[in-house]
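> Below are the sequence and a predicted model for it; my questions follow.
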Amino acid sequence: MTTFTPVYFLLLLSSASAAFTRFIFELPDQEVQCFFEQIENGTEFTFFFQVIAGGHYDVDSFIEDPTGNITYRKHKITHESYNAIAKMSGAYKFCFGNRFSTFTHKQIYFQLKIGELFPVVSNRSTTATALTQLEYSCIKVHSSLLRLEDLNTNYQLQLLVDWLHANKINASILYWAAAETIILFVVTIGQVVVLKRFFTEKKANVNMPGIST
């Protein structure tokens with residue numbers, strides 16, 4: 001059974017001929033969740049995801065083409081970056097499974113890039129040396145910016161993972177502190193009751209008739 005839950009945030013960007021889809025969603029235990037995307041024949045796409053919270057940070061993942069054939073499948077992985085070219089036009093299905101987990105929900109960062117960016121410089125001239133150098137500089141800057149964008153995304157994603165992990169540890173510490181406080185209070189009350197009962201029974205034995213002191 002395929003289920004759908006609301007995502008935390010959704011960002012859809014278009015840059016020239018390339019489209020980017022990025023979002024974070026929650027995958028319940030014992031569930032499979034799929035996302036559909038229309039891709040044209042011969043179009044390159046890059047599929048990336050990372051489990052950022054939940055259990056052992058692992059999920060099942062698979063991709064189905066428009067005919068229902070599975071073109072990619074992996075079990076219990078924490079992250080993946082998969083690049084392929086569509087063999088046909090239609091709706092491709094990107095799925096994540098958490099059926100092996102009995103009670104742990106997972107939070108997953110999902111990113112899908114479809115198509116290629118238009119060339120930074122079109123109609124490149126091979127006659128003018130200065131123009132060729134300028135073209136080369138533009139391409140180099142563009143490539144650096146793309147790498148910087150990927151690094152920034154990875155950095156922000158790692159910050160989110162660390163923040164969620166810190167919150168989980170903080171919650172555990174609070175729960176244990178509250179539990180220890182309750183246990184200490186119960187033990188203290190129990191000791192007072194036991195000591196009070198001990199002295200009360202001893203005093204009663206002393207005041208019983210026929211008992212000399």
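Received, thanks.
> what's around Tyr155, how many residues?
Burial measure for Tyr155: 10 neighbouring residues, criterion other Cβ atoms under 10 Å. Any C-beta I mention is one placed from the backbone N, CA and C, and that applies to glycine too.
> now do Gly190
10.
> Tell me where the protein has strands.
7-15, 18-27, 32-39, 44-53, 59-64, 70-77, 79-85, 90-97, 106-114 (DSSP state E).
> Mind putting those into CSV with distance to Leu174?
CSV is the format used below for the strands of the chain (distance: least, Cβ to Cβ, whole Å):
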stretch, distance to Leu174
strand 7-15, 23
strand 18-27, 22
strand 32-39, 31
strand 44-53, 18
strand 59-64, 28
strand 70-77, 31
strand 79-85, 30
strand 90-97, 31
strand 106-114, 21
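> nearest to Glu135, of those strands?
strand 7-15 (19.6 Å; Cβ to Cβ).
> and the strands of the chain as CSV, adding mean neighbour count, mean pLDDT and distance to Ser144?
Formatted as CSV, the strands of the chain follow (neighbours: other Cβ atoms under 10 Å; pLDDT from 0 to 100; distance: least, Cβ to Cβ, whole Å):
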stretch, mean neighbour count, mean pLDDT, distance to Ser144
strand 7-15, 10, 39, 16
strand 18-27, 18, 84, 17
strand 32-39, 17, 93, 28
strand 44-53, 19, 90, 19
strand 59-64, 20, 95, 31
strand 70-77, 12, 94, 30
strand 79-85, 13, 91, 20
strand 90-97, 18, 94, 29
strand 106-114, 20, 91, 18
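> for the ones you listed, which one sits closest to Leu159?
Per Cβ to Cβ, nearest to Leu159 of the strands of the chain: strand 44-53, 10.3 Å.
> and the closest one, how far out from the chain's middle?
10 Å (Cα atoms, centre = their mean, to the nearest Å).
> Same question for stretch 71-87.
Distance, centroid of stretch 71-87 to centroid of chain: 16 Å (Cα atoms, centre = their mean).
> ends of it, how far apart?
10 Å (Cα to Cα, to the nearest Å).
> Give me every residue in contact with it, excluding its own residues.
With contact meaning Cβ atoms under 8 Å, 6 or more residues apart in numbering, stretch 71-87 is reached by 39-51, 56-65, 92, 100.
> Over to stretch 95-111?
By Cβ under 8 Å, 6+ apart, stretch 95-111 touches 2, 20-35, 46-55, 57, 59-64, 76, 94, 153, 157, 160, 164.
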